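S.K.: I'd like to go over a predicted model; first the sequence, then the structure.
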Amino acid sequence: MSDCLEWPFFDAGHRNQVRDLHAWSAEHLLHAEEGADVDQVCRSLVAELGEGGWLKHCVAAEYGGGRDAIDVRSLCLMRENLARRSGLADFAFAMQGLGSGAISLGGSPSQKKMYLPQVASGKLIAAFALSEPEAGSDVGALATTARRDGEHYVLDGEKTWISNGGIADFYCVFARTGEAPGSRGISGFVIDADTPGLEIAEKIQVIAPHPLATLRFNNCRIPAQSLLGKPGSGFKLAMQTLDIFRTSVAAAAVGFARHAMDEALARCISRKMFGQTLGDFQLTQAALADMATGIDASALLTYRAAWTRDCLGLAATAEVAMAKMVATETAQQVIDKAVQLFGGLGVKSGMAVERLYREIRALRIYEGATEVQKLIIGRQAIKDFAGHP
Ligand code: COS
């Protein structure tokens, strides 16, 4: 089957990036992850990715990045190839981008100068703090408040499911500033982790462990210059950030699915049963056909969305939603089939497919659950039809 890198979405820079990443990963991403202290592992991974020059893909050239603007195809190629090898390496990379994306998109020149070069070098760890206990999919209903008080804002409330919570050096936080009801009354802020009044209320344990926490803001006073963009523009800033990083979630799902496919193929040619190999059975070939086709379809949607943004300059919100929905749902099915091909070994702790089975699940939920992506795609279809009767 053809090499995806030959697809017309990519240029020579992308092909070199992937070749160099393979060489670097083979040398640096060897350590076992299970059972280790994930906070420590992720801190080290950010430092290593920074030293290796890989985090430059998270920011624009002016701040130490590789291209003039954040290149979504580069982000996606990083995530696909890191995820294929190591879920935590992918996580550490992705969060540097997601956690600083609102600064890249909405920050002032001095905010960008202060944070982005250190994100790119791995000296500062970033996090994105949007979700709340009562506002996940309906993010316009968030309740954390930021009250203006002279030259400061004072924040009160809780943010939860915050990846890198507890290890981040700063958080891009979205809070209600009240310019208007609902989504028009939310603003974004960049807040250093050591600010008095900001504490880690809970570290959250999940089926595929990574740094994750609930943050509590209690009379947390920050300088007014911490505001990102204009007051009341925070909801759109958060959505614009997600328009970039949801595509990269799709790419990570493709990487996980490719890993499962690699494992399944190795199993199919080596496992003997009924006088032949597992791969000789037509039922196995049918499963492999579904897996291979699903992976290619996911990759096509993912890089179509990335290319649309990079080369046509469009937000491509609906294309991004299609990529995220299809790639994450397909990866879940691909990994499930791989587990099935392994039989009992597929659910044994320590097996790669068992870990992938746990790792993929959250991708169908975070950065907009599949149901949210369906809302976005359906609404856009209606809008397009109404615009072109
Ligand atoms: N880019 C720029 N602006 C956007 C936008 C985008 N991608 N999506 C929406 N907006 C704008 C709309 O144009 C609208 O602007 P006006 O007020 O000027 O008309 C405003 O934002 C509100 O949009 P909308 O009415 O579509 O908002 P809803 O409250 O209906 O929410 C969904 C829409 C459900 C799509 C949104 O809340 C969402 O994405 N939820 C999931 C959140 C999420 O991903 N959480 C995970 C956090 S990270 S783990």
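M.R.: Here it is on my side, so go on. Numbers count the residues shown, from 1 in each chain.
S.K.: Below-threshold pLDDT in the protein: ranges please.
M.R.: For the chain, the stretches flagged by pLDDT under 70 are 2, 31-35, 389.
S.K.: need the residues of it near the ligand, please.
M.R.: Counting by Cβ under 6 Å from any ligand atom, the positions of the chain adjacent to the ligand are 130-131, 137, 139-140, 183-184, 235-236, 239-240, 242-243, 315, 317, 366-368, 372, 375-376. No exception for glycine: its C-beta is placed from N, CA and C like everyone else's.
S.K.: and those, which are buried?
M.R.: The neighbour count (16 or more other Cβ atoms under 10 Å) marks 130-131, 139-140, 183, 235-236, 239-240, 242-243, 317, 367-368, 372, 376 as buried among these.
S.K.: circling back: mind checking which of the residues of the chain next to the ligand are in helices?
M.R.: In this view, the residues of the chain next to the ligand that belong to helices under DSSP state H are 235-236, 239-240, 242-243, 317, 372, 375-376.
S.K.: from those, which is closest to Arg73?
M.R.: Of all these, Asp243 has the smallest distance to Arg73: 14.4 Å, by Cβ to Cβ.
S.K.: Phi and psi next, for the closest residue to that closest one other than its chain neighbours.
M.R.: Spatially, and ignoring its direct neighbours in sequence, Asp243 is nearest to Ala315 (5.1 Å; Cβ to Cβ, 6 or more residues apart in numbering). Note on Ala315: its backbone torsions stand at phi -70, psi -30 [degrees, to the nearest 10].
S.K.: Quick check: Ala315 touching Gln240?
M.R.: Yes. Using Cβ atoms under 8 Å, Ala315 is in contact with Gln240, at 7.0 Å.
S.K.: Who are the contact partners of Lys112?
M.R.: By Cβ atoms under 8 Å, 6 or more residues apart in numbering, Lys112 lies in contact with 62-63, 103-104.
S.K.: Now restrict those residues to buried residues only.
M.R.: Buried by 16+ other Cβ under 10 Å: 63, 103-104, out of these.
S.K.: Just name the closest of these to Gly165, please.
M.R.: Ile103 (17.9 Å).
S.K.: and the gap between the closest one and Pro8?
M.R.: Ile103 is 32 Å from Pro8, where distance means Cβ to Cβ, to the nearest Å.
S.K.: Likewise for Gly344?
M.R.: For Gly344, the distance to Pro8 equals 44 Å [Cβ to Cβ].
S.K.: residue boundaries of the helices in the stretch 101-250 of the chain?
M.R.: Using DSSP state H, counting those that start in this stretch, the helices of the stretch 101-250 of the chain run over 109-121, 234-270.
S.K.: Quick one: distance of the shortest one to the chain centre.
M.R.: This points to helix 109-121. Taking Cα atoms, centre = their mean, to the nearest Å, the mean C-alpha location of helix 109-121 is offset from the chain mean by 20 Å.
S.K.: Now it: buried residues?
M.R.: 111-112, 114-121.
S.K.: got the contact list for the residue most central in space within the chain?
M.R.: Among the residues of the chain, Val249 comes closest to the average C-alpha position under Cα atoms, centre = their mean, at 4.4 Å. With contacts defined as Cβ under 8 Å, 6+ apart, Val249 is in contact with 79, 94, 324, 327-328, 363, 366-367.
S.K.: who touches the closest residue to Leu341 other than its chain neighbours in this structure?
M.R.: Nearest residue to Leu341 in three dimensions, chain neighbours excluded: Ala264, at 5.0 Å (Cβ to Cβ, 6+ apart). Shown in contact with Ala264 (Cβ under 8 Å, 6+ apart): 287-288, 291, 337-338, 341-342, 353.
S.K.: measure Ala264 to Gly346 for me?
M.R.: Ala264 sits 10 Å away from Gly346, going by Cβ to Cβ.
S.K.: hey, what's in contact with both of those two?
M.R.: The overlap between the contact sets of Ala264 and Gly346 (Cβ under 8 Å, 6+ apart) consists of 338, 353.
S.K.: Quote the end-to-end distance of stretch 346-366.
M.R.: 25 Å (Cα to Cα, to the nearest Å).
S.K.: How about the contacts made by the closest residue to the ligand within the stretch 51-200 of the chain?
M.R.: Proximity of the stretch 51-200 of the chain to the ligand (Cβ to the nearest ligand atom) peaks at Gly140, 3.7 Å away. Gly140 makes contact with 182-183, 186, 235 under the criterion Cβ under 8 Å, 6+ apart.
S.K.: could those be laid out in a markdown table, adding distance to Phe174?
M.R.: Listed next are the contacts of Gly140 as a markdown table, based on distance: Cβ to Cβ, whole Å:
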| residue | distance to Phe174 |
| --- | --- |
| Gly182 | 13 |
| Ser183 | 10 |
| Ile186 | 6 |
| Phe235 | 7 |
